[in-house]
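*Asks:* Got a predicted structure plus its sequence, pasted below:
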Amino acid sequence: MRFVHISDLHYTVNIKDFSSSRSNLIAALRLIIDDIKSIEKHLDFVAITGDLTEIGDVESYKQLKILLNVLDIPIFVVPGNHDEPMAFGEIFNQNGAEQGRGFTDYCINLNGVQLLGMNTQIIGQAQGKLSDTQLLLIEEKLSDHKFSRNIIFMHHPAFLTGFSGYDETLLLSGREVLGNIIEKSTSQVIILSGHIHKPFQAVWRGANCYIAGGPCFQLGNAVPFGNGQQEILDEPYAYFVHSIDDNDSHVVSTRYVNLDN
Ligand SMILES: [Fe+2]
């Protein structure tokens, strides 16, 4: 199974409302989607882990959906702190959510790999959480021995990055319990996240964890750890391509997209 992971598109039909974004955001998203299109025959799906839009307006979801419609492979999405769950669920109602109910968490068996989509949003806050109900669901699904691999999509990363400015905005609750569940599980767990607009990889409590960068801007410190001032970095955009096989290997390669041309 192969898939790509992107995040934090922050699409907006009115770019003037989004002062910190690159001004050619929609053109940049087109380049990324075109790049994925060029390799899609090798892929099983695309994961987009939240903040699909900047302000959660219906028109931006509609326009983004049109942009993504050039892809002919499944796209699995979860909302981020910038998304509006009702509008999100209306336009990206692909995961079994009923019309009018907004986004609901989901669990999908894709060719023997279990995919779990979790909404970690706390309305009105940058931080996220996993509720007791979500943690029970994850525990139940991860103990299903039919699946030797589980992939969890959630906007807020589970692991601490070491950048204090980022780590203050991660999961307010549920992190410790999630780690305990993963450690108990006999399956390989992969967690795909976004939120901090900088690519990261980590092994956390036995799970392989990935954070995708942000096409609108990427944040960072001058040095890769510590408490330094975060700033918008002029660094290349890249996304991860994952390949997992029956021999238990999980290979991740990086694809760079030049967004400035
Ligand atoms: Fe974001």
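*Replies:* Arrived safely. Being a predicted model, the structure only gives us computed values, none of them experimental.

*Asks:* Is Val241 bridged to anything, and to what?
*Replies:* Counting by DSSP bridges, Val241 is bridged to Val4, Ser253.

*Asks:* Against the ion, how distant is it?
*Replies:* Val241 sits at a distance of 21 Å from the ion (criterion: CB to the ion, to the nearest Å). C-beta: built from backbone N, CA, C; applies to glycine.

*Asks:* max-length helix in this structure?
*Replies:* Longest helix of the chain, by residue count under DSSP state H: helix 25-39.

*Asks:* Rounded mean pLDDT for it, please.
*Replies:* When pLDDT is averaged over helix 25-39, the result is 95.

*Asks:* just use 896 as the starting number from now, easier for me
*Replies:* OK, 896 is where the count begins now, so the last one is helix 920-934.

*Asks:* from the middle of its chain, how far away would that helix be?
*Replies:* The chain centre lies 17 Å from the centre of helix 920-934; the measure is CA atoms, centre = their mean, to the nearest Å.

*Asks:* tell me the average confidence for the helix or strand that comes right after that helix?
*Replies:* In the C-terminal direction, the helix or strand that comes right after helix 920-934 (DSSP states H and E) is strand 940-944. Average pLDDT, strand 940-944: 97.

*Asks:* Over to stretch 1135-1144?
*Replies:* 90.

*Asks:* And for it, what's in contact with it?
*Replies:* 896-900, 934, 938, 1008, 1043-1044, 1083, 1085, 1094, 1096, 1105, 1107, 1145-1150 (CB atoms under 8 Å, 6 or more residues apart in numbering).

*Asks:* Return the set of buried residues in it.
*Replies:* Residues of stretch 1135-1144 classed as buried under the neighbour-count rule (16 or more other CB atoms under 10 Å) are Phe1135, Val1136, His1137, Ile1139.

*Asks:* List just the nearest of the residues you listed to the ion.
*Replies:* Each of the buried residues of stretch 1135-1144 was scored against the ion by CB to the ion, and Phe1135 proved nearest at 16.7 Å.

*Asks:* who does the residue nearest to the spatial centre of the chain bridge with?
*Replies:* Centroid-nearest residue in the chain, with CA atoms, centre = their mean: Thr944, separated by 1.9 Å. Beta bridges link Thr944 to Val973, judged by DSSP bridges.

*Asks:* Which positions in this protein make contact with the ion?
*Replies:* Asp903, Asp946 (CB under 5 Å from the ion).

*Asks:* residue ranges of the helices in the chain, please?
*Replies:* Under DSSP H, the chain gives helices at 920-934, 953-963, 980-986, 1027-1037, 1059-1062, 1070-1079.

*Asks:* For the fifth one, buried residues please.
*Replies:* The one in question is helix 1059-1062. Gly1060, Tyr1061.

*Asks:* on that earlier part again, can you say which of the helices of the chain is packed in most?
*Replies:* Among the helices of the chain, helix 980-986 has the highest mean neighbour count (mean count of other CB atoms under 10 Å), at a mean of 20.

*Asks:* re earlier: and the residue nearest to the centre of the chain, how far is that from Ser1144?
*Replies:* In this structure, Thr944 and Ser1144 are 23 Å apart, going by CB to CB, to the nearest Å.

*Asks:* now do Tyr1151
*Replies:* From Tyr1151 across to Ser1144, the span is 23 Å (CB to CB).

*Asks:* low-confidence ranges in the stretch 946-1095 of the chain?
*Replies:* 989-996 (pLDDT under 70).

*Asks:* What's the nearest residue in it when you look at the ion?
*Replies:* For the stretch 946-1095 of the chain, CB to the ion, closest residue to the ion: Asp946, 3.5 Å.
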